[in-house]
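Asker: Return atomic coordinates for the entry below.
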Amino acid sequence: MSTYGDRDMNKRAVALLSGGLDSTLAIKLMLEQGIEVHALNFLTVFCTCTSKGCTHQATKVAEEFKVPIKVMNITKEYMEIVKNPKYPRGRNMNPCIDCRIFTFKKAKDFMEEIKASFVITGEVIGQRPMSQRKQAIMTIEKESGLQGLIVRPLSAKFFELTIPEKEGIVDRNRLLDIHGRRRNQQMALAKKFSINDYPCPAGGCLLTDKGFSARLKDLLKYKPDYNISDLHLLKIGRHFRISDSLKFIVGRDSKENEKIMNLSEKDDFIFDILDIPSAIGLARSSEANPSMLLGVGSVSFAQKDIELMASILARYSDSDGKSVIVSYCVLPEQNWENIPAISANKDFLDTIRI
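Answerer: Model (predicted):
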C-alpha cells in the first residue's frame with residue numbers, strides 16, 4: 001500500500017459500469033492489471049442502453065467478470081439536476097456535464113465507503129460532444145472532488161498521469177489512446193478479449209431525444225408534482241395536451257397498451273373500444289380530484305374533454321372512419337360509461353400532440 005498525501009493508495013477501485021462496450025472494456029483492462037474492481041451502476045428512467053435495460057446488461061458484465069456490483073436508482077435525485085443544471089444543456093433536456101459531476105460524486109462516496117483508492121471509467125475523449133471534450137472532462141473531475149483519481153483506460157494517453165499511475169498501482173504503458181466517435185478499436189479489443197455480447201456499444205439517454213424532451217418539458221410545466229409513473233409514461237404512447245390540467249396518452253400497439261395499464265393509477269381514466277381492435281387511452285389529470293373534474297354532468301367543458309378523448313381513441317382504432325362506441329371508467333372502479341365517437345381530425349390532433 002502506498003500513501004499519497006493523507007490518502008492510502010491501494011489496488012481497489014470503483015468502476016462506473018453502464019453495461020456498454022466502453023465501460024466493459026475499461027474494467028477488463030483494469031482486471032488485466034490485477035486491480036480489484038467494484039462496479040457501480042446508475043439506474044434512471046432515461047436510460048436506453050439495451051432492450052432489457054442498462055442494469056440488466058451491467059449485472060451480466062459484472063457476473064461474467066466476477067466483480068461485485070452495486071446498483072443505485074438515482075432518478076429522484078437526478079431529476080433535481082435535470083430541472084436546474086449549473087452548466088448549459090445539450091440540444092435538448094440533457095444536462096450532460098452536471099450529470100457526470102453528479103454521478104462522479106456518487107462514485108466518490110462509494111469509493112470512500114469501501115475504502116477504494118480511485119475510480120475507473122470508460123470515457124473516450126471526443127466521443128460525446130458535451131461531456132467528453134478535454135475541457136469538460138477536467139471541469140467534471142475538479143467539481144466532483146476526484147482530481148487525479150479518475151483512470152480512463154481507453155483514453156489515458158491523452159491525460160496527465162493520475163495518482164494511481166504515479167504510485168505504480170496502474171501501469172500507464174498498458175493503457176490506451178483511443179479517441180473520437182468511431183469504435184473500430186473498441187470492437188477489435190472486444191474481439192481480442194472474447195467479449196461478444198455488447199448490444200449497446202455507446203449507451204444512450206432519452207434526455208437527448210427531441211420528442212422525449214418536449215414531453216418532459218410539458219410535464220414539468222403542467223404537473224410539477226409529478227411522480228415516477230408520470231416519468232415512465234413519457235416513454236410510451238402518443239401524448240396529447242387536452243387542457244392545462246389534463247393529458248391523454250394513447251398506446252401504439254398491444255405492448256404499449258399493456259404498459260399503460262401497468263402504469264395506471266387511482267383516479268386515472270381508461271378509455272377503450274370494446275367491440276373492435278383499438279388502442280388503450282389513459283387520461284391523467286394534475287387536479288387534486290380528477291374524478292370530479294371529469295365526472296359526467298360536471299362543469300361544461302368536462303364533457304367536451306371526454307368527447308375529444310373518445311374521438312382521439314377512435315382515430316387509433318379499426319373504425320374506418322365510422323362512428324364507434326367508446327367506453328371509459330375511472331380507476332379503480334369498473335363502472336364503464338359509453339359515448340359515441342368518430343375519428344378526430346388529424347390536422348387538429350397535430351396541434352395538441354406533445
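
Asker: With adjacent residues omitted, what lies nearest to the most centrally placed residue in the chain?
Answerer: Residue closest to the mean C-alpha point of the chain, counted by Cα atoms, centre = their mean, is Phe46 at 1.2 Å. Distances taken as Cβ to Cβ, 6 or more residues apart in numbering put Leu206 closest to Phe46, at 4.4 Å, once the chain neighbours are dropped. For every residue, glycine as well, the C-beta is placed using N, CA and C.

Asker: So for that neighbour, what's the pLDDT?
Answerer: pLDDT recorded at Leu206 is 93.

Asker: for the one 3 residues further on, same thing?
Answerer: Confidence at Asp209, expressed as pLDDT, is 94.

Asker: Check Asp267 too.
Answerer: We have a pLDDT of 88 for Asp267.

Asker: and it, that's in a helix?
Answerer: No. Note on Asp267: no helix contains this position according to DSSP: H, G, I helix; E, B strand; the rest coil, which reports coil.

Asker: from memory it sits against Leu331, does it?
Answerer: Yes. Contact between Asp267 and Leu331 holds when scored by Cβ atoms under 8 Å: they sit 6.7 Å apart.

Asker: which one of the two has more residues nearby?
Answerer: Asp267 (20 against 15; other Cβ atoms under 10 Å).

Asker: What segments of this structure are helices?
Answerer: Secondary structure of the chain by DSSP state H: the helices cover 21-31, 54-65, 75-83, 96-113, 134-143, 163-166, 184-192, 210-222, 228-233, 254-263, 290-294, 300-315, 346-352.

Asker: and of those, who's closest to Val124?
Answerer: helix 21-31 (5.9 Å; Cβ to Cβ).

Asker: Which pLDDT value belongs to the closest residue to Gly321 other than its chain neighbours?
Answerer: Take Gly321 and drop its neighbours on the chain: the residue closest to it by Cβ to Cβ, 6+ apart is Ser343, 5.6 Å away. If you check Ser343, the pLDDT there is 95.

Asker: quick one, what contacts Ser343?
Answerer: Neighbouring residues of Ser343 by Cβ atoms under 8 Å, 6 or more residues apart in numbering: Ser311, Ala314, Arg315, Ser317, Ser319, Gly321.

Asker: among those residues, which ones are buried?
Answerer: By neighbour count, with 16 or more other Cβ atoms under 10 Å, the contacts of Ser343 hold Ser311, Ala314, Arg315, Ser317, Ser319 as buried.

Asker: Out of those, which one has the weakest pLDDT?
Answerer: By pLDDT, Ser319 ranks lowest within these, coming in at 87.

Asker: Ile101 reaches Glu143, doesn't it?
Answerer: Yes. Between Ile101 and Glu143 there is a contact at 4.8 Å, judged by Cβ under 8 Å.

Asker: between those two, who's got more neighbours?
Answerer: Ile101 (24 against 18).

Asker: ok, now which ones touch that one?
Answerer: For Ile101, the contacting residues are Ile140, Glu143, Ser144, by Cβ under 8 Å, 6+ apart.

Asker: For Lys70, see how far away it is.
Answerer: Look at Ile101 and Lys70: by Cβ to Cβ, to the nearest Å, they are 19 Å apart.

Asker: Kindly indicate which of the contacts of Ser343 lies nearest Gly211.
Answerer: Using Cβ to Cβ, Arg315 comes nearest to Gly211 of the contacts of Ser343, at 19.1 Å.

Asker: Contact partners for that closest one?
Answerer: Per Cβ under 8 Å, 6+ apart, neighbours of Arg315: Ser343, Ala344, Lys346, Leu349.

Asker: about what we covered before: pLDDT wise, what is the residue nearest to the centre of the chain at?
Answerer: With respect to pLDDT, Phe46 scores 91.

Asker: my guess is it contacts Thr208, does it?
Answerer: No. Phe46 is beyond contact range of Thr208, at 9.0 Å (criterion: Cβ under 8 Å).

Asker: what is in contact with the two at once?
Answerer: In contact with both Phe46 and Thr208: no residue, using Cβ under 8 Å, 6+ apart.

Asker: What separation is there between Ala341 and Glu32?
Answerer: 64 Å.

Asker: neighbour-wise, which of the two wins?
Answerer: Ala341 (24 against 12).

Asker: isn't that one right up against Ser323?
Answerer: Yes. If you go by Cβ under 8 Å, Ala341 and Ser323 touch, sitting 6.9 Å apart.

Asker: Quick check: closest non-adjacent residue to Ser286.
Answerer: Of all residues not flanking Ser286 in the chain, Lys223 sits nearest, at 4.1 Å (Cβ to Cβ, 6+ apart).

Asker: brain fart, Asn73
Answerer: The spatially closest residue to Asn73, leaving aside those adjacent along the chain, is Leu43, at 4.5 Å (Cβ to Cβ, 6+ apart).

Asker: what about Ile74, neighbour count?
Answerer: By other Cβ under 10 Å, 15 other residues sit near Ile74.

Asker: can you pull the contacts of the residue nearest to Phe46?
Answerer: Neighbouring residues of Leu206 by Cβ under 8 Å, 6+ apart: Val45, Phe46, Cys47, Thr48, Phe212, Leu234, Lys235.

Asker: Show me the shaky parts of this protein.
Answerer: Within the chain, the segments meeting pLDDT under 70 span 1-7, 49-55, 129-131, 199-203, 288-301.

Asker: related to what we said a few turns ago, looking at the contacts of Ile101, spot the one nearest Pro153.
Answerer: For the contacts of Ile101, the closest approach to Pro153 (Cβ to Cβ) belongs to Ile140, at 17.2 Å.
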